[in-house]
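Chemist: Sequence plus the predicted model coming up.
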Amino acid sequence: MSQSIKNLTVHLFNPETDYSLATDSENYTPPMSILNMKHSLALLPALYCDEGDMILIQENGELLLDKNIPFKGLLEAKHVTVIGEQRFVDLMNSANKVVDFNPWGWNKTLRKWCLNIGVNEENLPSLNALNTIRILSHRRQTIPFLSNMKDISNDEIEIPHEFTDVETALDFWRANDPVFFKAPWSSSGRGLLYSQDLEYRHIEPWLRGIIHSQGSVMGEIAYAKKIDFATEWQCSNGKAMFLGVSTFYTSPRGKYQANIIKPQEEIVGFLLANSNVHLKGNNLATIIERQRLLLENYVTQYYSGPVGIDMMITDEGNIHPCVEINLRNTMGRVAIEIFNRLNDPNISCQEQEYLSKISSGGFISPISIVDTLTRDMESN
């Protein structure tokens with residue numbers, strides 16, 4: 001009897017991906033804050049990859065020679081190999097291996113980097129495919145999603161607006177203050193402007209800059225909210241597979257802070273307890289099924305990979321079924337994977353100890369991970 005062989009999987013943490021999509025450039029250089037996160041958390045995929053996977057390091061392979069590699073114990077426990085550019089090229093171009101390359105997110109800059117180091121073009125997404133990913137990653141994609149959810153949404157939830165001129169956006173602000181303005185492409189709450197306590201002199205230049213650089217700006221009602229959460233999906237072969245629900249904290253101005261690590265039944269119970277389940281639009285199961293259908297209608301025929309759909313529960317107890325759509329990996333997906341690994345009976349003691357340490361407060365964020373790594377390195 002033949003036994004199926006698992007494809008070799010190579011992961012890459014490239015948190016700059018949304019910013020690269022914004023520029024639509026093959027030569028994007030991230031700001032220093034994003035580069036620092038990328039360097040500090042280059043081995044973040046160790047938290048969610050499968051045993052025997054590989055993690056690619058882009059920056060000259062220097063981290064490969066560091067005897068104090070963060071995540072070292074976890075890498076050993078899961079038999080994960082850290083590789084540099086040349087090994088990556090050899091694997092991608094090998095005729096004898098099927099390699100799944102799973103970056104945090106795809107963009108033209110990453111594609112060009114792969115080509116420059118020697119990866120054959122036929123082993124990479126085409127420019128047309130990346131143009132489609134960019135279009136689908138634009139925040140305006142919430143409009144068709146919400147338009148096709150009106151029959152199952154509460155009347156409190158309004159469809160966002162896209163503005164291509166500053167004065168129309170300002171009129172929306174004056175009529176609805178407070179509002180959120182959002183850049184078409186950004187991540188983790190960056191590229192957001194919350195108008196509360198801001199004046200014209202703060203808002204007008206920001207709007208002008210975003211419209212000039214990205215072509216438009218999204219305007220949304222700023223709901224008073226109780227909970228931020230998301231549904232996590234894996235898209236492949238035209239289908240969207242539901243992976244679970246994640247909950248997270250944001251600042252009052254919408255900047256991402258941390259994800260909660262809890263059992264799915266506890267998260268769902270918490271969401272149901274805080275939503276008005278007897279009113280139209282607050283049936284979570286119905287919303288998730290509609291999201292699946294919409295992903296398969298709008299996304300999966302063009303894209304394979306992870307998707308996260310951000311949502312919220314308002315102070316009125318109503319579910320907002322689509323705040324944002326992220327065609328990339330998310331910290332919510334990482335939180336689900338960590339919980340699943342911690343509750344896997346086959347997990348090694350070494351991996352369990354490390355994951356427990358990373359998630360010791362019941363939550364996880366890039367900052368908390370860096371803090372844990374820093375303490376570990378200082379104590380060694």
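Modeler: The structure has been received and is ready for your questions. Numbering: from 1, shown residues only.
Chemist: okay, CA-based contacts and neighbour counts for the rest of this
Modeler: OK.
Chemist: ok, and the closest non-adjacent residue to Lys108?
Modeler: The shortest distance from Lys108 to any non-neighbouring residue, by Cα to Cα, 6 or more residues apart in numbering, is to Glu26 (4.9 Å).
Chemist: how near is that neighbour to Asn116?
Modeler: Distance check for Glu26 against Asn116: by Cα to Cα, to the nearest Å, it reads 11 Å.
Chemist: With neighbour numbers in mind, choose between those two.
Modeler: Remark: of Glu26 and Asn116, Glu26 carries more neighbours, 15 against 10, as counted by other Cα atoms under 10 Å.
Chemist: Please name every helix or strand in contact with the helix or strand encompassing Val89.
Modeler: Following DSSP states H and E, one finds Val89 within helix 85-93. With contacts taken as 3 or more Cα pairs under 8 Å, 6 or more residues apart in numbering; DSSP states H and E, helix 85-93 sits against helix 108-117.
Chemist: Phi and psi next, for the residue nearest to Ser365 when sequence neighbours are not counted.
Modeler: Spatial nearest neighbour of Ser365, chain neighbours left out: Ala258 (4.6 Å); criterion: Cα to Cα, 6+ apart. With angles defined as degrees, to the nearest 10, Ala258 sits at phi -170, psi 160.
Chemist: hang on, isn't Ala258 packed against Ser359?
Modeler: No - counting by Cα atoms under 8 Å, Ala258 stays clear of Ser359, with 10.8 Å between them.
Chemist: who touches Ile55 in this structure?
Modeler: Val10, His11, Leu12, Leu43, Pro45, Ala46, Val80, Thr81, Val82, Ile83 (Cα atoms under 8 Å, 6 or more residues apart in numbering).
Chemist: what about it, which SS state?
Modeler: Recorded secondary structure, Ile55: strand (DSSP: H, G, I helix; E, B strand; the rest coil).
Chemist: Against Val334, how distant is it?
Modeler: 15 Å.
Chemist: The chain: strands as residue ranges?
Modeler: 8-12, 54-56, 81-83, 99-103, 161-163, 179-182, 192-194, 217-221, 225-236, 239-250, 256-260, 305-314, 319-326, 363-364 (DSSP state E).
Chemist: Indicate which one of those is closest to Gln141.
Modeler: With Cα to Cα as the criterion, Gln141 lies closest to strand 319-326 of the strands of the chain, at 7.4 Å.
Chemist: Contacts for the closest one next, please.
Modeler: So strand 319-326 is contacted by 137, 139, 141-142, 145-146, 149, 153-154, 157, 275, 281-282, 284, 287, 307-314 (Cα under 8 Å, 6+ apart).
Chemist: Dump that strand to PDB, keeping only the CA atoms.
Modeler: In PDB, the C-alpha atoms belonging to strand 319-326 read as follows (Å, rounded to 0.1, in the frame of the first residue of the first chain):
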ATOM      1  CA  ILE A 319     -22.400  41.500  15.700                       C
ATOM      2  CA  HIS A 320     -20.500  43.400  13.000                       C
ATOM      3  CA  PRO A 321     -19.800  40.500  10.600                       C
ATOM      4  CA  CYS A 322     -17.000  42.000   8.500                       C
ATOM      5  CA  VAL A 323     -14.800  44.800   9.700                       C
ATOM      6  CA  GLU A 324     -11.700  43.800   7.700                       C
ATOM      7  CA  ILE A 325     -10.500  40.900   5.500                       C
ATOM      8  CA  ASN A 326      -6.800  39.800   5.800                       C
END
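Chemist: who does that strand pair up with?
Modeler: Within its sheet, and counting by DSSP bridges, strand 319-326 is paired with strand 305-314 (antiparallel).
Chemist: can you list the residues that contact the strand it pairs with?
Modeler: For strand 305-314, the external contacting residues (Cα under 8 Å, 6+ apart) are 223-236, 271, 274-275, 319-330, 332-333.
Chemist: and the most centrally placed residue in the chain, what pLDDT?
Modeler: By Cα atoms, centre = their mean, the mean C-alpha position of the chain lies nearest to Thr330, the distance being 2.8 Å. Looking at Thr330, its pLDDT stands at 96.
Chemist: And the one 3 residues further on, by the same measure?
Modeler: Note on Arg333: pLDDT of 96.
Chemist: Glu289: how many residues sit nearby?
Modeler: Glu289 has 12 neighbouring residues, counting by other Cα under 10 Å.
Chemist: In contact with it: list those residues for me.
Modeler: Glu289 neighbours (Cα under 8 Å, 6+ apart): none.
Chemist: Could you list the low-pLDDT ranges of the stretch 151-300 of the chain?
Modeler: By pLDDT under 70, the weakly predicted segments of the stretch 151-300 of the chain are 188-189.
Chemist: which stretches of it form helices?
Modeler: Ranges of helices in the stretch 151-300 of the chain, per DSSP state H, counting those that start in this stretch, are 166-176, 200-214, 264-273, 284-298.
Chemist: Would you tell me which of those gets closest to Glu51?
Modeler: helix 264-273 (23.1 Å).
Chemist: So what touches the closest one?
Modeler: By Cα under 8 Å, 6+ apart, helix 264-273 touches Ile227, Gly244, Val245, Ser246, Thr247, Leu284, Ile313.
Chemist: For that helix, buried residues please.
Modeler: By 16 or more other Cα atoms under 10 Å, the buried positions in helix 264-273 come out as Ile267, Val268, Leu271, Leu272.
Chemist: returning to that earlier point: please name whichever of the helices of the stretch 151-300 of the chain is nearest to Met92.
Modeler: helix 284-298 (28.7 Å).
Chemist: ok and that closest one relative to strand 305-314, angle-wise?
Modeler: 140 degrees (axes from the mean of the first three to the mean of the last three Cα atoms, to 10 degrees).
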